[in-house]
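> model the following, please.
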Amino acid sequence: MAFGQADFYVQLADSALTLTKQQVLYDPSYFNISYPNGDIPSGKGVCTDVVVRAYRKLGIDLQKEIHEDMIANFNEYPKNWGLSRTDKNIDHRRVPNLMTFFARHGVIKKNSQISSDYEAGDIVCWDLGKGTAHIGIVSNKLSADEKRKLIIHNIGAGQVMEDCLFKFKIIGHYSYKK
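Predicted coordinates:
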């Protein structure tokens, strides 16, 4: 299926939106998963799983893409977990790894406090404090006051769409299309 540049990102936002209809409990546990196209159990997930699952609906396997990039460029990725090699079960489920991958292979967009700088399908990362990073996808739906795009993410209450774009400090803003 061929998409134009703008169509792809709208499709990504729509695929993320469909995830909000699934019942998912926040679960940061480590899982052994298949490769490629592996996923943790469907009723479980964290913020990164929203992004991975949304891209997978469009035929892009971030597990595979990140794993292959990390094998070839391991020193470019964060060493936050003391690893000496890649781990196909978890690497794509870590926000700093996703940020590194999107910076390396996508478009780095400016972090701003201007709503119009954020478009449907953009990936946004936040610093929640105490070393905790978070990630979500910009939807094509507007906040109640129609000033901001809503975010599709999982910050503990499952896969939801919320008005939280500027709730935390933005530390990354990307677009990625393979």
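> what stretches of this structure score poorly on pLDDT?
1-6 (pLDDT under 70).
> now the helices for it?
5-19, 47-57, 62-72, 95-105 (DSSP state H).
> contacts for the second one, please.
Under the contact criterion CB atoms under 8 Å, 6 or more residues apart in numbering, helix 47-57 has outside partners 12, 15-16, 18-19, 24, 37, 39-40, 45, 61-63, 92-95, 98, 123, 134-137, 152-155, 159, 176. Bear in mind the C-beta positions are built from the backbone N, C-alpha and C, glycine included.
> these, buried ones only, as a ChimeraX selection?
Typed into ChimeraX, the line below selects the buried ones among the contacts of helix 47-57, using 16 or more other CB atoms under 10 Å:
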select :12,15,16,19,24,39,40,45,61,62,63,92,93,94,95,98,123,134,135,136,137,152,153,154,155,159,176
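> so how far is Ala133 from the residue in the chain sticking out farthest from the centre?
Distance from the C-alpha centroid of the chain, by CA atoms, centre = their mean, peaks at Asp145 (25.3 Å). Asp145 sits 28 Å away from Ala133, taking CB to CB, to the nearest Å as the criterion.
> sorry, back to before: winner for burial among the helices of the chain?
helix 47-57 (a mean of 23; mean count of other CB atoms under 10 Å).
> can you check what angle separates it from helix 62-72?
Orientation of helix 47-57 against helix 62-72 (axes from the mean of the first three to the mean of the last three CA atoms, to 10 degrees) gives an angle of 110 degrees.
> reformat the helices of the chain as CSV; add distance to Ile114.
Shown next, in CSV, are the helices of the chain (distance: least, CB to CB, whole Å):
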stretch, distance to Ile114
helix 5-19, 18
helix 47-57, 23
helix 62-72, 28
helix 95-105, 20
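> looking at the ones you listed, which is closest to Lys79?
Closest of those to Lys79 is helix 95-105, at 9.6 Å (criterion: CB to CB).
> tell me the contacts of Ile151?
When contacts are counted by CB under 8 Å, 6+ apart, Ile151 touches Val124, Gly136, Ile137, Val138, Ser139, Met161, Glu162, Asp163, Cys164, Leu165.
> from Ala16, how far out is it?
Ile151 sits at a distance of 9 Å from Ala16 (criterion: CB to CB).
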